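Engineer: Prediction below, plus the sequence it came from.
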There are 4 protein chains.
Amino acid sequence: MLDELKQAVCQANLDLVSHGLVILTWGNVSGLSEDRELMAIKPSGVAYPQLRPEHIVIVSIATGEVVEGDLKPSSDTPTHRLLYQSFAGIGGITHTHSVNATSWAQARRAIPCFGTTHADHFYGELPVTRPLTQQEIEEAYEVNTGHVIVETFAQLDPSAVPGVLVANHAPFSWGKDAAKSVENAVAIEAVAEMAWKTLAINPNAPAVDQFLLDKHYFRKHGAGAYYGQSGDDH
Amino acid sequence: MLDELKQAVCQANLDLVSHGLVILTWGNVSGLSEDRELMAIKPSGVAYPQLRPEHIVIVSIATGEVVEGDLKPSSDTPTHRLLYQSFAGIGGITHTHSVNATSWAQARRAIPCFGTTHADHFYGELPVTRPLTQQEIEEAYEVNTGHVIVETFAQLDPSAVPGVLVANHAPFSWGKDAAKSVENAVAIEAVAEMAWKTLAINPNAPAVDQFLLDKHYFRKHGAGAYYGQSGDDH
Amino acid sequence: MLDELKQAVCQANLDLVSHGLVILTWGNVSGLSEDRELMAIKPSGVAYPQLRPEHIVIVSIATGEVVEGDLKPSSDTPTHRLLYQSFAGIGGITHTHSVNATSWAQARRAIPCFGTTHADHFYGELPVTRPLTQQEIEEAYEVNTGHVIVETFAQLDPSAVPGVLVANHAPFSWGKDAAKSVENAVAIEAVAEMAWKTLAINPNAPAVDQFLLDKHYFRKHGAGAYYGQSGDDH
Amino acid sequence: MLDELKQAVCQANLDLVSHGLVILTWGNVSGLSEDRELMAIKPSGVAYPQLRPEHIVIVSIATGEVVEGDLKPSSDTPTHRLLYQSFAGIGGITHTHSVNATSWAQARRAIPCFGTTHADHFYGELPVTRPLTQQEIEEAYEVNTGHVIVETFAQLDPSAVPGVLVANHAPFSWGKDAAKSVENAVAIEAVAEMAWKTLAINPNAPAVDQFLLDKHYFRKHGAGAYYGQSGDDH
């Protein structure tokens, strides 16, 4: 079972490269075991061309300790772990510094839902967290990055909006497994690029109407979905 | 005959990838049979790397029903079907979410004809539809997407302007066959990128003079065409 | 001799593709024979992946007639021919619709010399022609495109500024041979992209000082050149 | 020993190409020998596809003279040499004309630290030099380019900010060896692209808080580093 998970997480990390979402080693994907007790995550600072399944590190969700693997896990591991603990039903998390999404995070702006590309994946604007305080950064930076994400979703459903921009940092996304979290990272980067170009063309571009958002989102998600071969594409 | 059509439509879908026009599964191409009774279209939500001719779905133009193929056709099938019913002479349709064209669609702006790249392919500005109403979206979203495109061409010749931006959605293009509709999708994305950059450089850039538009368009299209090896490149 | 020229011109056309300067069939390169009596040019509307040396068309500079080759030459052939007749010493010409340079042409703006990348290749701003008149377009469009380029260089040395933007159209570049004209097309696209980004970052960015322009240009060109292995890199 | 250095410097130059940082021959990487007496540098104007370790030129740091190699060293050799003489501890230097970083250099603007991507590599804004004077350019252009960089770091630690923009020219970066200087060139291009897009999205975007800069920089650098497998990633 863990071998399959490590294989899937390794492949998901490599898919970041083929989708053009990572530069150097800036990015990581993790996946959760079926019993939700273990996460598999990329090792810290390892170059993608050398990444193989045996490098993937297994970390306990309960304790945060490495239970399998010779390498140190990603420095963002505490953020991943807190999100698995807080968001029921997610099974994979992706973090990148993809250029356009990171630019929105640096601008401290949520990405408005300007069209169906966005509505197909995110049910409403893609939110941005507040900046962390000095105390939060100095005391426990990575786990507090998770806390500020969770705080941002106080009034939001993380399964309907499977991603976020961390202010002055970069995007995180999630999904039912590692591969789906990568797909949502691809979607975030695409809507991020389309959104700033939309505003460059028309600074007064309006967000989509609520009924178009409903139509596109529920065409692909939930009981009434009819996109794809199996209905619910989520 | 249908085998040839499926092969051509499969190749046209794969060409979207090599031209950089699709992300994930966001795009589809269809082609019409010579007797204009059947359309061949990409199945819904199938990943491009796995797409093969036998996956292409055959749909009746008269009834909208699948007449051959094991997979569900693209969720945009009713839009394609209505365009084939409404625009005489077109034999292929392409829909993408290519980044720059989608940004114009999200900005709800027609793309002005700023130069000969545009004039070579589109005889005048590339129009944008009005947004669909709540009723149109809730009652029959995909076929009404077709209707709003047809409405936009009430005063336009779809063979002279072989493409459109659907407001808050993305571009559709068409041509005499599937391959030609892909070529027009490539042209839309190129002129979309050039047009916003033109405005970034000179916010007051004028559209081309009518006589330059006439020259370039008719150099490639119609009885007096002299571009390419066979004259009419359309 | 003509076989070598056709081979070189074919390769130069294919290099446009590897440098990312062409979309579909929008571009062409020609080269002049050593006796300056014949030009070799890409055939009209042929797809790049299929292009082979035997497709290259040989045209007489004196008469404009095809003297060798089964295909029609590029529709831009009269423009190339006039430039060979007018600009002594050039032996190759490239025409593309590369995205950033075309955006400047559509904006009807010369590209200011903002830095050494520009100064290394062009001794001063990259000029833009005036738009052609209705009469010029209707009577002899392609040859008049050449005339308006020549008019733009009335006070400029085409060997010191080996390229131009044709208003509402796209760039042309030239050099001692086909390969060098492609290199200048690459340089035009690069400085075009850098220039609009420079203005996006600082709308008041000044052009370089004359003494920096002199230094960089003459470091690579002319009797005092010391860049590259042979001194004069022109 | 010199063979290893030439191999490493050749590879670092080729890595510029795979990272998309060079166009034509516009860029060069050098590396210093362990005894800091010799530098290995790319030859001037040689095309990257042909570059092999035996083309790399060895230059004396003390005299500036070529001590090994048949080709002329890069015309930027005096700049590299002065930086090795002035910045203790650096062992590799990269110079590119990468598009986004060059645009900031042409705009004569330092790149603000807008996020953690920047803070991970550069401890504060990426500075821009003053323009060189006419006398500096005419008397000894390349070595004075080095002097103006050193002047810019009068109050800055070059190991904490391993790069600079030369006004109206382009970026230089450095590191403990040639490979690390290339990595910093990649980082400069990425933060340059993110920074102008950040400002396009929010013209009032603030630089990061000092405590976030401290956290991210010292997470990867110095005695308390915990990113990567070995702690200090510098």
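Structural biologist: Noted; the coordinates are in hand. Residues are numbered from 1 along each chain as shown, chains lettered A, B, ... in the order given.

Engineer: in the helix or strand where residue A:146 lies, what counts as buried?
Structural biologist: In this structure, residue A:146 sits in helix A:134-152 according to DSSP states H and E. Buried positions in helix A:134-152, judged by neighbour count with 16 or more other CB atoms under 10 Å in any protein chain shown: A:136, A:137, A:141, A:142, A:144, A:145, A:146, A:147, A:148, A:149, A:150, A:152. Yep, even glycine has a C-beta here, placed from its N, CA and C like the rest.

Engineer: Could you measure from residue A:175 over to chain C?
Structural biologist: The spacing between residue A:175 and chain C, counted by CB to the nearest CB, to the nearest Å, is 33 Å.

Engineer: Quick check: chain neighbours aside, which residue is closest to that residue?
Structural biologist: Excluding its sequence neighbours, the residue lying closest to residue A:175 (CB to CB, 6 or more residues apart in numbering or on different chains) is residue A:181, at 4.3 Å.

Engineer: Before we go further, residue A:218 is sitting in a strand, right?
Structural biologist: No: the assignment for residue A:218, made by DSSP: H, G, I helix; E, B strand; the rest coil, is helix rather than a strand.

Engineer: if I read this right, it contacts residue A:225, doesn't it?
Structural biologist: Yes: taking contacts as CB atoms under 8 Å, residue A:218 lies within contact range of residue A:225: 6.8 Å.

Engineer: what's around residue A:56, how many residues?
Structural biologist: Residues within reach of residue A:56, counting by other CB atoms under 10 Å in any protein chain shown, total 28.

Engineer: Which of the helices or strands spans the residue nearest the centre of chain A?
Structural biologist: Nearest to the mean C-alpha position of chain A, by CA atoms, centre = their mean, lies residue A:173 at 1.1 Å. When elements are assigned from DSSP H and E, residue A:173 belongs to strand A:171-175.

Engineer: Count the neighbours of the residue of chain A found nearest chain B for me.
Structural biologist: Per CB to the nearest CB, residue A:228 is where chain A lies closest to chain B, at 3.0 Å. Residues near residue A:228, counting by other CB under 10 Å, number 19.

Engineer: contacting residues around it?
Structural biologist: A:220, B:44, B:45, B:72 (CB atoms under 8 Å, 6 or more residues apart in numbering or on different chains).

Engineer: Roughly how far does it sit from chain C?
Structural biologist: Here residue A:228 is placed at a distance of 31 Å from chain C (CB to the nearest CB).

Engineer: ok, now residue A:72?
Structural biologist: From residue A:72 across to chain C, the span is 38 Å (CB to the nearest CB).

Engineer: All the helices of chain A, residue numbers only.
Structural biologist: For chain A, the helices defined by DSSP state H occupy A:2-18, A:77-86, A:99-107, A:116-119, A:134-152, A:178-201, A:210-220.

Engineer: Could you look over those and pick the most buried one?
Structural biologist: For the helices of chain A, the largest average neighbour count (mean count of other CB atoms under 10 Å in any protein chain shown) is found in helix A:99-107, namely a mean of 28.

Engineer: neighbours around the nearest residue to residue A:60 once chain neighbours are set aside, how many?
Structural biologist: The shortest distance from residue A:60 to any residue other than its chain neighbours is 5.2 Å, reached at residue A:67 (CB to CB, 6+ apart). When counting by other CB under 10 Å, one arrives at 13 neighbours for residue A:67.

Engineer: For residue B:197, see how far away residue A:67 is.
Structural biologist: 52 Å (CB to CB, to the nearest Å).

Engineer: and what of residue A:94?
Structural biologist: Distance of residue A:94 to residue B:197, computed by CB to CB: 31 Å.

Engineer: repeat for residue A:104
Structural biologist: 20 Å.

Engineer: Please verify my assumption that residue A:42 contacts residue A:22.
Structural biologist: No: using CB under 8 Å, residue A:42 is not in contact with residue A:22, being 10.4 Å away.

Engineer: These two: which is more packed in?
Structural biologist: Relative neighbour count places residue A:42 above the other of residue A:42 and residue A:22, with 28 against 22, counting by other CB under 10 Å.

Engineer: show me the contacts for that one.
Structural biologist: A:9, A:13, A:28, A:29, A:30, A:51, A:55, A:56, A:57, A:73, A:74.

Engineer: Could you point out which of those is nearest to residue D:111?
Structural biologist: The closest of the contacts of residue A:42 to residue D:111 turns out to be residue A:28 (CB to CB; 25.2 Å).

Engineer: and stretch A:7-19 with chain D, contact?
Structural biologist: No: judged by CB under 8 Å from any CB of the partner chain, stretch A:7-19 makes no contact with chain D; its nearest approach is 12.2 Å.

Engineer: Work out the gap between that stretch and the centre of the chain.
Structural biologist: Chain-centre distance of stretch A:7-19: 14 Å, with CA atoms, centre = their mean, to the nearest Å.

Engineer: what's in contact with that stretch?
Structural biologist: Contact with stretch A:7-19 is made by A:22, A:27-31, A:40-42, A:48, A:51-53, A:55-56, A:92, A:94, A:96, A:177-179, A:181-182, A:185-186, A:189, as judged by CB under 8 Å, 6+ apart.

Engineer: Find the closest residue to chain D in chain A.
Structural biologist: Counting by CB to the nearest CB, chain A gets nearest chain D through residue A:45, at 3.1 Å.

Engineer: Double-check that residue against residue D:226; I have them as touching.
Structural biologist: No: using CB under 8 Å, residue A:45 makes no contact with residue D:226, being 10.3 Å away.

Engineer: Of these two, which one has the most company?
Structural biologist: For residue A:45 versus residue D:226, the count of surrounding residues by other CB under 10 Å is larger for residue A:45: 20 against 13.

Engineer: Quick check: the gap between that one and residue A:81.
Structural biologist: Residue A:45 is 19 Å from residue A:81, where distance means CB to CB.

Engineer: And residue A:139, by the same measure?
Structural biologist: Residue A:139 sits at a distance of 17 Å from residue A:81 (criterion: CB to CB).

Engineer: Check whether residue A:102 really touches residue D:117, as I assumed.
Structural biologist: Yes: with contact defined as CB under 8 Å, residue A:102 reaches residue D:117; the gap is 6.1 Å.

Engineer: Quick check: residues of chain A near chain B?
Structural biologist: Applying CB under 8 Å from any CB, one finds that chain A approaches chain B through A:114-117, A:120, A:183, A:186-187, A:190, A:193-195, A:197-202, A:205-206, A:208-209, A:211-212, A:215, A:219, A:226-229, A:233.

Engineer: ok so, going back, common neighbours of residue A:102 and residue D:117, please.
Structural biologist: Common neighbours of residue A:102 and residue D:117 (criterion: CB under 8 Å, 6+ apart): A:170, D:194.

Engineer: which regions of chain A lie under the pLDDT threshold?
Structural biologist: A:230-234 (pLDDT under 70).

Engineer: and it, which of its residues are near chain C?
Structural biologist: With the criterion set to CB under 8 Å from any CB, chain A never comes near chain C.

Engineer: Repeat the analysis, applying 10 Å as the threshold.
Structural biologist: For chain A, the residues in contact with chain C (CB under 10 Å from any CB of the partner chain) are residue A:200.

Engineer: In chain A, what residue comes closest to chain C?
Structural biologist: Among the residues of chain A, residue A:200 lies closest to chain C, at 9.5 Å counting by CB to the nearest CB.

Engineer: Skipping adjacent residues, who's closest to that residue in space?
Structural biologist: Nearest residue to residue A:200, sequence neighbours excluded (CB to CB, 6+ apart): residue B:196, at 5.8 Å.

Engineer: Kindly reformat the helices of chain A as JSON lines containing distance to residue A:36.
Structural biologist: Output for those, formatted as JSON lines (distance: least, CB to CB, whole Å):
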{"stretch": "helix A:2-18", "distance to residue A:36": "12"}
{"stretch": "helix A:77-86", "distance to residue A:36": "7"}
{"stretch": "helix A:99-107", "distance to residue A:36": "27"}
{"stretch": "helix A:116-119", "distance to residue A:36": "30"}
{"stretch": "helix A:134-152", "distance to residue A:36": "16"}
{"stretch": "helix A:178-201", "distance to residue A:36": "14"}
{"stretch": "helix A:210-220", "distance to residue A:36": "25"}
